[in-house]
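Student: Below is the sequence, then the predicted model.
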Amino acid sequence: GAVVSQHPSWVICKSGTSVKIECRSLDFQATTMFWYRQFPKQSLMLMATSNEGSKATYEQGVEKDKFLINHASLTLSTLTVTSAHPEDSSFYICSARVTSGRKYNEQFFGPGTRLTVL
Amino acid sequence: AQSVTQPDIHITVSEGASLELRCNYSYGATPYLFWYVQSPGQGLQLLLKYFSGDTLVQGIKGFEAEFKRSQSSFNLRKPSVHWSDAAEYFCAVGSGGGSYIPTFGRGTSLIVHP
């Protein structure tokens, strides 16, 4: 149980275009999801906390107009990278927090999305 | 602010040998500590966590970790490594307040030789 999926697993786009990444909790409801960015051989950096039905909370230094987050349902959060540039190329990972049951407050991670901007 | 240091970028061990991955944290209060494993194409998986109580924590896949407050460490150990253990390992420290949002270390890449 507690599976999180991401789609797409990888995407290549041209500079200036927008890319949407989906994060779904498949077998549980998640009022809170998280978006991370991971550079090669580096740590996961928390970008924002996505809350169902309300605005996302962004970490310091993350441009909210650049990285649009929508958490419209209890099982889906989306990250849209707007007007993507090569420096946005990275590995984006989402996680969802369990809010009930035996695994209360544990985070489950998606497999990640590799974004390459040409 | 909380932070995590994993001093080893990569570790190479032979299959069947013992393993210890180092982790040091910085946090003002009693930390919540985690170890995650990341395999290619898969999401991060929680190996074990320490919130309170017994400082020796048992996790999945035969891993264990020991919280040593005096050394600000939470090293991960396994007595006998299997080839399938080759992966990236992340130590993380979480803040309190019930949120447990982890701050990750840079990771240690484990290479297993046959």
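Tutor: Everything's here; your move. Numbers count the residues shown, from 1 in each chain, chains lettered A, B, ... in the order given.
Student: What residues are bridge-paired with residue 48?
Tutor: Here I'm looking at chain A. On the basis of DSSP bridges, residue A:48 is bridged to residue A:35, residue A:58.
Student: please go with chain B instead
Tutor: residue B:35.
Student: what about it, neighbour count?
Tutor: Look at residue B:48: counted by other CB atoms under 10 Å in any protein chain shown, it has 18 neighbours. Yep, even glycine has a C-beta here, placed from its N, CA and C like the rest.
Student: same deal with residue B:93?
Tutor: Other residues close to residue B:93 by other CB under 10 Å number 23.
Student: ok, it touching residue B:24?
Tutor: No. Here residue B:93 lies out of contact with residue B:24, judged by CB atoms under 8 Å, at a distance of 9.8 Å.
Student: who touches both of those two?
Tutor: residue B:4 (CB atoms under 8 Å, 6 or more residues apart in numbering or on different chains).
Student: quick one: low-confidence parts of chain B?
Tutor: B:95-100 (pLDDT under 70).
Student: number of nearby residues for the closest residue to residue B:58 other than its chain neighbours?
Tutor: Nearest non-adjacent residue to residue B:58, counting by CB to CB, 6 or more residues apart in numbering or on different chains: residue B:64, 5.2 Å away. Neighbours of residue B:64 under the rule other CB under 10 Å: 16.
Student: Distance-wise, check residue B:64 relative to chain A.
Tutor: 19 Å (CB to the nearest CB, to the nearest Å).
Student: what's across from that residue in the sheet?
Tutor: residue B:58, residue B:77.
Student: ditto for residue A:107
Tutor: Assigned bridge partners for residue A:107, using DSSP bridges, are residue A:97.
Student: Report how many residues lie close to the residue lying closest to residue A:30 once chain neighbours are set aside.
Tutor: Computed as CB to CB, 6+ apart, the closest residue to residue A:30 that is not its neighbour in sequence is residue A:96, at 3.7 Å. For residue A:96, the neighbour count with other CB under 10 Å is 29.
Student: next one: residue A:18
Tutor: Residue A:18, neighbours per other CB under 10 Å, totals 11.
Student: for it, what are its contacts?
Tutor: A:80, A:81, A:82, A:83, A:84.
Student: In the helix-or-strand element of chain A with minimal mean pLDDT, which residues are buried?
Tutor: When each helix and strand of chain A is scored by mean pLDDT, DSSP states H and E, strand A:107-109 comes last, with a mean of 90. With burial defined by 16 or more other CB atoms under 10 Å in any protein chain shown, the residues of strand A:107-109 counted as buried are A:107, A:108, A:109.
Student: Same question for stretch B:63-81.
Tutor: Buried residues in stretch B:63-81 (16+ other CB under 10 Å): B:63, B:64, B:65, B:66, B:67, B:73, B:74, B:75, B:76, B:78, B:81.
Student: Could you pull up the residues touching residue A:96?
Tutor: A:4, A:23, A:25, A:28, A:30, A:32, A:33, A:34, A:77, A:107, A:108, A:110.
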